[in-house]
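Trainee: Just to be clear, the model below is a prediction. Sequence and coordinates:
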Amino acid sequence: MPKLFVIAGHGAGDPGACGNGFSEAERVRVLARKIKELGGGNVILGDLSRDYYRDNGVSTLNLPKEYQIVELHMDAGQETARGGHVIIYSGFHADDYDKALADMLTDILPGRSQMIVKRDNLANPERAAMRGYGYRLVEFGFITNAEDVKVFNTQMDDIASGVLAAFGIEAAGNKTGGENMGCILSVNGTTTQYYFDGRTIHPFANGKEKTVIKKVCNGITDSIKLTKDELNDLKNVLKRS
Ligand SMILES: [Zn+2]
């Protein structure tokens, strides 16, 4: 299984394409962070403050050989133009990663007649080819199309998981087949709060511990109130194997 290096297109002052109230640079950075969040240690997030096209960053990368590169973009065009596609350097054939990405886009962001396109006039595909990196630039639909933007925004987890899956990387959230169960519990009439990780209940000794749990568990549900009886019921359920 390869590891993934994710480049978010544009940035460093270049907003990229704009439409439907969004800029390409901002949207692809949100997606890049989501891919990193779900991919964990299998993903290196490129420097989001940089524009790897303008600063020629691809030519100076120093990645171990097991890394594949994916660069994130959104297209611009007529309002009715829709769909994502994968761009590879013209000298290459699509590999299994490119094909898996194209299949994912066909499912989630359809509309293009050609899902994999070879280009010889884009800087970064050529720079990556010269360096010997496995690289593809992916357009995640049209920012100028309201439906594509809606899909991009509302199905971002699926898109991020799909990108990871194309490289054989399992998204963290999919491991237990369910959503993140972590939450912070408090019990009526008491001051003790607990972190419940889905399996075990851990009391906080102080507010600092709660702060750090909230920091590392992105989007954790805070302050679910239980009665003493409910807490006991929960403890009893957890005792059973
Ligand atoms: Zn772009």
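Mentor: Good, I have the coordinates. Numbering: from 1, shown residues only.
Trainee: residues touching the residue of the chain positioned farthest from its centre, list them.
Mentor: What lies farthest from the middle of the chain is G189; by C-alpha atoms, centre = their mean that is 40.5 Å. G189 is in contact with K228, counting by C-beta atoms under 8 Å, 6 or more residues apart in numbering. To be clear about C-beta, it is placed using only N, CA and C from the backbone, and glycine gets the same treatment.
Trainee: so it, which of the three states?
Mentor: Classification of G189 by DSSP: H, G, I helix; E, B strand; the rest coil places it in coil.
Trainee: And the pLDDT for it?
Mentor: Model confidence at G189, expressed as pLDDT, equals 86.
Trainee: how close does it get to the ion?
Mentor: 56 Å (C-beta to the ion, to the nearest Å).
Trainee: How about A8?
Mentor: Taking C-beta to the ion, one finds A8 at 10 Å from the ion.
Trainee: hang on, isn't that residue packed against D51?
Mentor: No - taking contacts as C-beta atoms under 8 Å, A8 lies outside contact range of D51: 9.3 Å.
Trainee: related to what we said a few turns ago, how near is the residue farthest from the centre of the chain to K34?
Mentor: 39 Å (C-beta to C-beta, to the nearest Å).
Trainee: which residues touch the spatially most central residue of the chain?
Mentor: What sits nearest the mean C-alpha location of the chain, by C-alpha atoms, centre = their mean, is I35, with 2.1 Å. With contact set as C-beta under 8 Å, 6+ apart, I35 has these partners: 4, 6, 43, 45, 160, 163-164.
Trainee: What are the boundaries of the helices in this protein?
Mentor: Taking DSSP state H, the helices of the chain run over residues 24-39, 96-108, 123-131, 146-154, 156-166, 207-216, 228-239.
Trainee: Can you tell me, leaving aside adjacent residues, what's nearest to the residue in the chain that the ion sits nearest to?
Mentor: Closest contact between the chain and the ion, by C-beta to the ion, is at H73 (3.5 Å). Spatially, and ignoring its direct neighbours in sequence, H73 is nearest to G9 (4.1 Å; C-beta to C-beta, 6 or more residues apart in numbering).
Trainee: circling back to that earlier point, if I look at the closest residue to the residue nearest to the centre of the chain other than its chain neighbours, how far off is S23?
Mentor: In space, and not counting its chain neighbours, I35 is closest to A160: 4.6 Å by C-beta to C-beta, 6+ apart. From A160 over to S23 the distance is 19 Å, taken as C-beta to C-beta.
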